[in-house]
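> Whatever this is, show me its structure:
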Amino acid sequence: MGIYAQMMNWDDLRFLLAVARTGSMSGAARELGVNHATVIRRVRNLEEQLGSSVFDRVGHSYVITPAGQVALDAAVSMEEQSSRVERQVVGQAKELSGVIKVTAPEPMSETFLVPMVKEFGELYPDIVIELSLSMRVYDLGMREADVAFRVTNDPPEDVIGLHLATLAMGVYGPAGSGMRAEDITRVIRFSAHEPTVNGSDGGASHMDWDERYAPDARETMRTDSASTALHGIRAGLGVARLPVSIGESVEGVERIPDIPLQQGADMWLLTHVDVRTNARIRVFRDFVREFYAARSQLLGGEGLEFEPSAA
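Just a heads-up that it's a prediction; the model follows:
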């Protein structure tokens, strides 16, 4: 590695990492936000510095060569060290100002996140919330986000987890339809949280309620977007199983009354251990705890009828 350390332009290693992770030049270009030609040029620069190719072209994919693997190992190590230093520096921040990068599933936006950001901003006007709504799981260790709202029954072990609620799930159809279980002929499948290791959806499954209450219903659409599922219900595409916190808070849909609620997955607020002492993240966590505790009845469906436990 001594020779490589003297020869390599370390900035080119970002492009090596991106191609190795995505398997293609175009995928790397999308990940890095540059054009395809830039990726090719930077990879060629690295190959010239090393005096060896770093990828073999196999079909439409790029496979790392032995020389490329040496450089890739160094790049991964440098990326990890850089992220560790950045996390630790952020963790020492004492000012109640700056940016907090927050990631969350899209369904939380209208009902909870926007009101939460508004209230938090009134208390801490010098802290800016940078909100990314995506089903992609952001890497807290690599500082892709400072905190993450996740709906999962299997949170990672290398983070600090704040349990916010166990979501109640109900089946919803068009408002004013008077629909009951026997009337269901079409189903929209909505899933907005991480699958567990064994591939289940982290709560009572769609097929579970389908087979029990509407065995002859036809599937019409699948989506990970709550707004799309709601539009589908209103357009008559079918009924959908949604968090009660969404279904009971929006217009145009109503819960099917003879299908009891089911317990869904858990909702967590996650932060990396290295940033736990950061002042702005600490006050954000405390605020979120109180904000969601005040809304636990809606999240958990308190006072509504649940399906009897199998136990």
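> Output the longest strand anywhere in the chain as CSV - backbone C-alpha positions only.
Determined from DSSP state E, the single longest strand within the chain is strand 159-174. Output in CSV follows, covering the C-alpha atoms of strand 159-174 (Å, rounded to 0.1, in the frame of the first residue of the first chain):
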residue,chain,number,x,y,z
VAL,A,159,-27.8,2.9,17.0
ILE,A,160,-29.7,4.5,19.9
GLY,A,161,-33.4,3.7,19.5
LEU,A,162,-36.4,5.6,20.9
HIS,A,163,-39.6,3.6,20.6
LEU,A,164,-42.4,5.9,19.7
ALA,A,165,-45.4,3.6,19.1
THR,A,166,-46.7,0.3,17.9
LEU,A,167,-48.8,1.3,15.0
ALA,A,168,-52.5,0.3,14.7
MET,A,169,-53.5,-0.8,11.2
GLY,A,170,-57.0,-0.7,9.7
VAL,A,171,-58.7,-1.4,6.4
TYR,A,172,-60.1,1.6,4.6
GLY,A,173,-62.4,2.1,1.7
PRO,A,174,-64.0,5.2,0.1
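> now for it, which elements pack on it?
The elements that strand 159-174 packs onto, with contact taken as 3 or more C-beta pairs under 8 Å, 6 or more residues apart in numbering; DSSP states H and E, are helix 226-234, strand 239-243, helix 244-247, strand 253-255, strand 262-272, helix 279-293, helix 296-300. Where C-beta positions appear, they are placed from N, C-alpha and C, glycine not excepted.
> Only the buried residues of it, if you could.
159-162, 164-174 (16 or more other C-beta atoms under 10 Å).
> now for the residues you listed, which pair is the farthest apart?
160 and 174 (41.7 Å; C-beta to C-beta).
> returning to what we had before: please identify the deepest-packed of the helices and strands packed on strand 159-174.
Across the helices and strands packed on strand 159-174, the average number of neighbours (mean count of other C-beta atoms under 10 Å) peaks for strand 239-243, which reaches a mean of 28.
> So what are the sheet partners of that strand and their directions?
Paired neighbours of strand 239-243 in the sheet (DSSP bridges): strand 159-174 (antiparallel), strand 186-190 (parallel).
> those strands in the stretch 1-150 of the chain, which residues are they?
For the stretch 1-150 of the chain, strands defined by DSSP state E, counting those that start in this stretch occupy the ranges 55-58, 61-64, 98-104, 127-133, 147-151.
> wait, what's in contact with residue 291?
Taking C-beta atoms under 8 Å, 6 or more residues apart in numbering as the definition of contact, the neighbours of residue 291 are 116, 119, 120.
> Highest neighbour count among those?
By neighbour count, taken as other C-beta atoms under 10 Å, the most surrounded of these turns out to be residue 116 (22 neighbours).
> Could you find the closest non-adjacent residue to residue 123?
For residue 123, ignoring the flanking residues on the chain, the nearest one in space by C-beta to C-beta, 6 or more residues apart in numbering is residue 287 at 7.0 Å.
> For stretch 147-155, give the distance from the opening residue to the closing one.
Distance between the boundary residues of stretch 147-155 (C-alpha to C-alpha, to the nearest Å) amounts to 13 Å.
> For that stretch, could you pull out the residues that count as buried?
Of the residues in stretch 147-155, those with enough neighbours to count as buried (16+ other C-beta under 10 Å) are 147, 148, 149, 150, 151, 152, 153, 155.
> same thing with stretch 96-110?
100, 101, 102, 103, 104, 105, 106, 107, 108.
> how near is the second one to residue 111?
Which is residue 101. Spatial separation of residue 101 from residue 111 under the definition C-beta to C-beta, to the nearest Å is 21 Å.
> Can you list the low-confidence ranges for the stretch 151-300 of the chain?
In the prediction, the stretch 151-300 of the chain carries residues with pLDDT under 70 at positions 192-207, 276.
> out of the helices and strands packed on strand 159-174, which comes closest to residue 67?
Ranking the helices and strands packed on strand 159-174 by distance to residue 67, with C-beta to C-beta as the measure, places strand 262-272 first at 33.4 Å.
> how far is that closest one from where the chain is centred?
Taking C-alpha atoms, centre = their mean, to the nearest Å, the mean C-alpha location of strand 262-272 is offset from the chain mean by 11 Å.
> From residue 151, how far out is residue 265?
Taking C-beta to C-beta, one finds residue 265 at 5 Å from residue 151.
> looking at it, residue 144 is touching residue 130, isn't it?
No: contact status for residue 144 versus residue 130: not in contact, 11.3 Å apart, counting by C-beta atoms under 8 Å.
> what's near enough to touch the nearest residue to residue 54 once chain neighbours are set aside?
Using C-beta to C-beta, 6+ apart and skipping residues adjacent in sequence, the residue nearest residue 54 is residue 68, 3.1 Å away. Applying C-beta under 8 Å, 6+ apart, we find residue 68 in contact with 16, 20, 52, 53, 54, 55.
> And residue 265, how close does it get to residue 155?
Residue 265 is 10 Å from residue 155, by C-beta to C-beta.
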